[in-house]
Structure formats: structure tokens, C-alpha cells
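S.K.: would you be able to build a 3D model of this:
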Amino acid sequence: MGLPRKALISLCATPYYHCVSRCVRRAFLCGWDERTRQCFEHRRQWIEDRLLALAQVFALDVCAYAVMSNHYHVVLHINSDRAAGWPMREVIERWHQLCKGSPLSQRFARSETLDAAELARLTELTEVWRARLLDISWFMRMLNESIAREANREDQCTGRFWEGRFKSQALLDERALAACLAYVDLNPVRAKMADRPEESAHTSVKQRIESARKGEQPQALFPFIGNPRKNTPEGLSFPLQDYLELVDWSGRRLHENKRGAIDDRLPQILERLQIDPQHWQYLNRNFESRFKSLVGAAHSVRRACEQLSKHWAQGIRDCERYLSPPPAS
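M.R.: Coordinates of the predicted model:
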């Protein structure tokens with residue numbers, strides 16, 4: 001039996017989460033269906049557009065994503081400080097972009113006068129909405145429901161489009177985060193839908209590479225801000241160039257004729273994260289299948305288990321082997 005989301009998603013453990021949602025039915029509903037010879041490729045753009053649009057409404061940052069033929073991946077960062085700083089009016093305006101709100105919130109948005117009792121009730125309601133705008137489950141719900149409605153309308157049918165529950169993995173430390181980002185960005189290369197990361201349509205790495213060529217970072221994505229330092233701004237604590245080199249190197253290792261080969265010129269980021277190159281290759285192929293709800297060094301997983309009142313975490317032996325730093329010499 002699956003655990004409730006509140007047992008899997010907790011800011012006490014980490015603000016970073018890898019989420020996967022998969023289609024139901026036999027057809028490839030977001031790509032090319034070999035069985036019916038129909039193309040649903042445009043639906044991948046629907047998902048990408050909606051995903052990035054919702055991130056502008058929620059207090060969630062998109063770190064990485066990949067939209068595949070029958071599922072998609074997204075790595076999200078929960079930005080609780082941003083949500084805490086929103087005044088009541090901004091929370092209401094953001095919620096109204098998703099739902100109608102309530103008669104009280106509609107009156108407030110029109111700048112109508114509310115009495116003290118009405119204002120107190122609206123304040124309570126606003127805090128509920130503020131919490132939802134931080135909630136990954138609400139984000140995934142708003143994303144999946146809108147795509148399902150569009151697809152069912154196009155197919156002239158009813159019924160489920162997505163599996164009932166999305167899968168989530170808590171990324172507890174830098175090693176887990178870096179491994180998951182690369183795993184997500186390399187999905188099309190691993191599936192042989194693209195030869196290179198820069199050719200991977202509907203992925204965050206394609207956006208990052210195109211922006212990097214202009215000396216920029218994409219505004220829709222959580223930025224790379226370099227190695228941790230004093231007064232570090234918000235963002236992913238790796239240099240962008242190092243990460244792109246890592247993804248490029250990893251993608252080359254995924255080709256059939258390169259399987260098992262280790263290049264002498266290893267990306268520096270692997271040294272900083274203290275990840276063995278052979279272990280990194282394993283992570284790039286097996287991150288989703290081998291690791292369960294909590295991912296990170298073994299000590300990080302054990303600490304998160306205590307915080308979440310979990311007695312045991314599946315996959316902790318793989319965390320020990322592949323994501324824990326080597327013992328000090």
C-alpha cells in the first residue's frame with residue numbers, strides 16, 4: 001500500500017522532490033503511437049507549457065523536467081520563504097489563476113469593503129490557499145487534471161488519462177539532487193529519442209543549453225548559482241558549466257558502444273561530490289528503479305526516517321553503496 005503524501009513530502013527533510021506521472025491506457029498518449037499510427041506529439045508541448053506556467057503561480061521552482069511519450073519527470077524545489085512573504089492580496093490573485101476562489105475573495109479582488117468578520121474568514125481561507133500553493137500534490141493535480149481534460153476532449157472520450165498517484169522521491173542531499181537532475185535530463189537520450197542533450201525536445205537541459213549559448217539562464221527554471229559560498233543566492237549549488245559538462249559526458253557514456261567505458265577526463269563535479277564514475281553511470285541508468293521514496297547518503301536517509309517517523313527506508317543499501325561518500329582515509 002502506498003504511503004500518504006504527508007509521510008513522503010516534508011520540508012523538514014528536504015525542499016527537493018522528483019515526481020513522475022504516467023499515462024494509463026495502452027496507447028502512447030503523449031507521443032507517436034506505433035499501434036494506431038497516430039501522432040500525439042503536440043501533447044508533450046501541452047505538458048511542458050502547463051508545467052512551466054503553473055510554476056509561475058505556485059511557490060515551487062522547476063529544477064529539471066523531461067516530457068516523454070507516456071510519462072513525464074519533474075524535479076521541484078519548494079520555496080517556503082517566497083510563499084511566506086506573499087501578502088494576502090497576492091495569495092488571492094495567485095489562487096484565482098487556478099480556481100474561482102470564494103465569493104469573499106472575489107469581492108476582495110474587486111476592492112469591495114469587507115466587515116471584520118468577513119475579513120477574518122477570508123484571512124483563514126487565504127492561509128489555506130497559501131499552504132496549497134506550496135503543496136506538490138496540488139501542483140501535480142492542477143497539471144494533470146488540465147492535461148487530462150484536453151486529451152479526453154481531443155479523443156472524444158472520458159475516463160482516466162493518468163495513473164491515480166504520481167511517484168515522488170525526496171532528494172536529501174547534493175549527491176542525490178545532482179544524480180536525479182542528470183537522470184531526468186538524460187531520459188530522451190537513454191530512451192534513444194535523441195542522440196544528444198541539446199537535441200532532447202521538451203526537456204529542461206535543452207532550455208538550459210539554448211540559454212547558455214546566449215550567456216543566460218532560462219527564467220522559467222531554478223538557476224544554477226555555483227558552489228556554496230557566503231551569502232549564496234537562491235538556486236542550485238553547482239556551476240552551470242560544470243553541470244552541462246557532466247550531462248554531456250554522462251550522455252556519451254549511455255551509448256551502446258560506450259557501455260562500461262570510463263573517460264580519463266572526468267567532470268570536476270564528480271570529484272566535488274565524491275561520486276565514483278562507475279557508480280555515476282549506474283545512477284544514470286537506474287535512479288528511478290533502484291531508489292524509493294527517500295534518496296541520498298545513508299546517514300541522510302536515516303535522519304529523514306527519524307523526522308518522518310519511518311522505521312525503515314527501502315533502497316537504503318543502494319544509498320549506502322552509490323550515494324554515500326567514501327570513508328575518510
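S.K.: what's near enough to touch R89?
M.R.: Contacts for R89 were tallied using C-beta atoms under 8 Å, 6 or more residues apart in numbering; they are F108, A109. Every C-beta, even on glycine, is put in place using the N, C-alpha and C of the backbone.
S.K.: pull out the buried positions in the host helix or strand of it.
M.R.: Assigned by DSSP states H and E, R89 belongs to helix 88-96. Judged by neighbour count (16 or more other C-beta atoms under 10 Å), helix 88-96 contains these buried residues: M88, V91, I92, E93, R94, W95.
S.K.: could you redo those residues as JSON lines and give each row pLDDT and distance to G235?
M.R.: Output for the buried residues of helix 88-96, formatted as JSON lines (pLDDT from 0 to 100; distance: C-beta to C-beta, whole Å):
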{"residue": "M88", "pLDDT": "97", "distance to G235": "28"}
{"residue": "V91", "pLDDT": "98", "distance to G235": "24"}
{"residue": "I92", "pLDDT": "98", "distance to G235": "28"}
{"residue": "E93", "pLDDT": "97", "distance to G235": "26"}
{"residue": "R94", "pLDDT": "98", "distance to G235": "22"}
{"residue": "W95", "pLDDT": "98", "distance to G235": "26"}
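S.K.: which of those residues sits closest to P223?
M.R.: Distance to P223, by C-beta to C-beta, is smallest for R94 among the buried residues of helix 88-96, at 21.4 Å.
S.K.: mind listing the helices for this protein?
M.R.: 42-55, 80-84, 88-96, 103-109, 116-132, 136-155, 174-185, 187-190, 204-212, 240-253, 268-273, 277-290, 298-307, 316-322 (DSSP state H).
S.K.: wait, which of those helices is closest to V24?
M.R.: Closest approach to V24 among these (C-beta to C-beta): helix 136-155, 10.0 Å.
S.K.: for the closest residue to H299 other than its chain neighbours, give its distance to C12.
M.R.: Nearest residue to H299, sequence neighbours excluded (C-beta to C-beta, 6 or more residues apart in numbering): S324, at 7.3 Å. When distances are taken as C-beta to C-beta, to the nearest Å, S324 and C12 turn out to be 21 Å apart.
S.K.: the two: who's more crowded?
M.R.: With neighbours defined as other C-beta atoms under 10 Å, S324 and C12 compare such that S324 has more, 21 against 9.
S.K.: wait, what's in contact with the most centrally placed residue in the chain?
M.R.: Centroid check for the chain by C-alpha atoms, centre = their mean gives V75 as the closest residue, at 1.6 Å. With contacts defined as C-beta under 8 Å, 6+ apart, V75 is in contact with 16-19, 62-65, 171, 177, 180-181, 184.
S.K.: I'd like to know which of these is nearest to R165.
M.R.: Distances from R165 to the contacts of V75, taken as C-beta to C-beta, are shortest for C19 (10.5 Å).
S.K.: quick one: pLDDT of the closest one?
M.R.: C19 carries a pLDDT value of 96.
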